[in-house]
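Colleague: Have a look at this prediction, sequence included:
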Amino acid sequence: MAAACNRQKQSSLREDLTCPICCDLFTEPVMLGCMHHFCKRCISTYWRGLHTPVSCPQCRKEFTSRQFQTNYLVTAMVEKVRATTNESYVKDVELQLKESLETHRRRREDFLSVIRRDKEKMENIKRAGSELQGRVQGEFQALRAVLDEEEASVLEQLREEQEAALEQLQRHLEAVRETVRQLEHSMRVLHEAATATDHNALVELPQIRAPVDVSPAPELDMEAFSSRYLAPLQYITWRKMFTSLKPGPAPVTFDVYTAHPSIYVSRDRTLAVDCDRVAPCQPNPKRFLQCVNILGAQGFQAGRHYWEVHVGNKAKWDLGVASDGVDRQARVKLSPESGYWTLRLRQSDQYSAGTQPWTRLQVLSCPQRIGVFLDCEERRVSFYNADDMSLLFSFSNGPRGKVLPFFSPCISDINQQPQPIQLLHHPPVALIH
Ligand SMILES: [Zn+2]
Ligand SMILES: [Zn+2]
């Protein structure tokens, strides 16, 4: 539409700039006194055959002299029209327009696909958010169910104890009442006998039942009764809830048969420390021989598991999980590719995740305890600062198949006293084992 309009304008301009003699665009246009324009050559040729006075071929106005003026404005316009109506120029402009249009079309397509991708991402976030929301609600619902169950159980116990005590007293009350009834009956009989002695000569004692002895009322120990319920109920319940946590802290122990010969393990298998001498030990394929490593005794291949490790102020350590099948005779770099999902500390404050290459972590406060979370179904291994439960790092490309808790106390520097790695067993967990 706009192009057609443009062409129309251009053709009317072309007509205005066309010489009425040669019917072509002006060449060296000149203006006569009547303001009509012609090519210089056309009007000169036209006038050449005429005697004075000469006239304008268009309006027939006569002039005494053969005078005309060069019109530079018209000259410039003619040049412009000539240049812009030139075929190769038009083709060039058309090409440029086409290319520019194509560029714009492509850019628009690009931006439209950016919009599509943004929308997709938003949908994904919404989907993941609502799925996670469901999970979080599920976790809290499970906790609340445990709490409700515990509350109902404590209240039921209280009710039963109260019922039992009341029932005991009720039975005693009945027995006393029966005795009172018997006594009253005997009293009536005795009274009748006493009044009969006034009229009758024969006096004899009536047959009455000997008074029954009633055992004293049962003494309910109110102190003991109350004490059970005036207890730190919240703490007691919280400790009991530990056993229902899924996952609750797992009581992991060290597997001494896997320990490198320079690792000393405590008798209860919860403490491992490096020592500078190598202990003689039975050769076995489960034992680490190259690296100062040790595994946990508990293997996991399903479900979700969490355990805590006290690392204290040790300057260096590695810990996490290892595939059951890792080569324990070889010296390997710890990474998921070689069957290890680990967190490491070096030089007291340099924390890294065991990726290849290492991923340095910004850890604000040095954790004394590390929490390891293993989700076999989601193939996730995560590490927490167990002092405040902040997330340190999470592997989403976790293991397949059986894995074992993994530890390396590392070799302490010569000037440093070796410090142990300790597996934490929370008291409520220890209660049930
Ligand atoms: Zn002309
Ligand atoms: Zn004229």
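Modeller: All right, it came through fine. Residues are numbered from 1 along each chain as shown. Ligands and ions are numbered 1, 2, ... in the order given.
Colleague: On the three-state scheme, the residue of the stretch 201-350 of the chain found nearest ligand 1 is what?
Modeller: Minimum separation of the stretch 201-350 of the chain from ligand 1 (CB to the ion) falls at Glu337, amounting to 86.9 Å. All C-beta atoms are positioned from the backbone trio N, CA, C, and that covers glycine. Secondary structure state of Glu337, per DSSP: H, G, I helix; E, B strand; the rest coil, is helix.
Colleague: That one: neighbour count?
Modeller: Neighbour count for Glu337, taken as other CB atoms under 10 Å: 11.
Colleague: Give me the pLDDT for it.
Modeller: We have a pLDDT of 95 for Glu337.
Colleague: cool, the one 5 residues further on as well?
Modeller: The pLDDT attached to Thr342 in the predicted structure is 98.
Colleague: Next: the one 5 residues further on.
Modeller: What the model reports for Gln347 is a pLDDT of 92.
Colleague: who in this structure is up against ligand 1?
Modeller: Residues of the chain lying near ligand 1 by CB under 5 Å from the ion: 19, 21-22, 39, 42.
Colleague: Neighbours of whichever residue of the stretch 101-250 of the chain sits closest to ligand 2, how many?
Modeller: Of all residues in the stretch 101-250 of the chain, the one sitting closest to ligand 2 is Leu101 (45.7 Å; CB to the ion). Leu101 has 10 neighbours, counted by other CB under 10 Å.
Colleague: With Val214 instead?
Modeller: Neighbour count for Val214, taken as other CB under 10 Å: 13.
Colleague: One more: the one 4 residues further on?
Modeller: The number of residues packed around Pro218, counting by other CB under 10 Å, is 10.
Colleague: pLDDT (mean, whole number) over the longest helix belonging to the chain?
Modeller: When the chain is parsed with DSSP state H, its longest helix is helix 87-196. Mean pLDDT, helix 87-196: 93.
Colleague: could you say what helices and strands the helix or strand that comes right after it packs with?
Modeller: Reading on from helix 87-196 to the C-terminus, the next helix or strand found by DSSP states H and E is helix 222-229. With contacts defined as 3 or more CB pairs under 8 Å, 6 or more residues apart in numbering; DSSP states H and E, helix 222-229 has these neighbours: helix 87-196.
Colleague: between the helix it packs on and helix 222-229, what angle do the directions make?
Modeller: On the basis of axes from the mean of the first three to the mean of the last three CA atoms, to 10 degrees, helix 87-196 is oriented at 170 degrees to helix 222-229.
Colleague: before we move on, back to that, which residue, other than its chain neighbours, is closest to the residue of the stretch 201-350 of the chain closest to ligand 1?
Modeller: Sequence neighbours aside, Gln356 is the residue nearest to Glu337 in space, at 6.2 Å (criterion: CB to CB, 6 or more residues apart in numbering).
Colleague: That neighbour: how many residues sit nearby?
Modeller: There are 11 residues near Gln356, going by other CB under 10 Å.
Colleague: mind listing what it touches?
Modeller: Gln356 makes contact with 333, 335-337 under the criterion CB atoms under 8 Å, 6 or more residues apart in numbering.
Colleague: and with 10 Å instead?
Modeller: Each residue near Gln356 by CB atoms under 10 Å, 6 or more residues apart in numbering is listed here: 333-338.
Colleague: follow-up on the earlier one: in strands only, show me the residues of the chain next to ligand 1.
Modeller: Among these, DSSP state E puts Cys39 in strands.
Colleague: if we can go back for a sec, relative to ligand 2, how far out is the residue nearest to Glu337?
Modeller: 93 Å (CB to the ion, to the nearest Å).
Colleague: what about that residue, distance to Ile370?
Modeller: Applying CB to CB, to the nearest Å, the value for Gln356 to Ile370 is 21 Å.
Colleague: and what of Ser348?
Modeller: For Ser348, the distance to Ile370 - CB to CB - is 15 Å.
Colleague: quick one: which of those two has more around it?
Modeller: Between Ser348 and Ile370, counting by other CB under 10 Å, Ile370 is the more crowded of the two (24 against 11).
Colleague: quick one: average confidence on the helix or strand harbouring the more buried one?
Modeller: Ile370 is part of strand 369-375, with elements assigned from DSSP H and E. Mean per-residue pLDDT for strand 369-375: 97.
Colleague: List the neighbouring strands of the next helix-or-strand element following it plus their orientation.
Modeller: Downstream of strand 369-375, the next assigned helix or strand under DSSP H and E is strand 380-385. Next to strand 380-385 in the sheet, as set by DSSP bridges, lie strand 369-375 (antiparallel), strand 390-395 (antiparallel).
Colleague: what does the last one rub up against?
Modeller: For strand 390-395, contacts defined as CB under 10 Å, 6+ apart pick out 320-321, 336, 341-343, 351-355, 359, 361-365, 367, 370-371, 373-375, 379-386.
Colleague: For it, buried residues please.
Modeller: The neighbour-count check on strand 390-395 (16 or more other CB atoms under 10 Å) flags 392-393, 395 as buried.
Colleague: Many thanks, have a good one.
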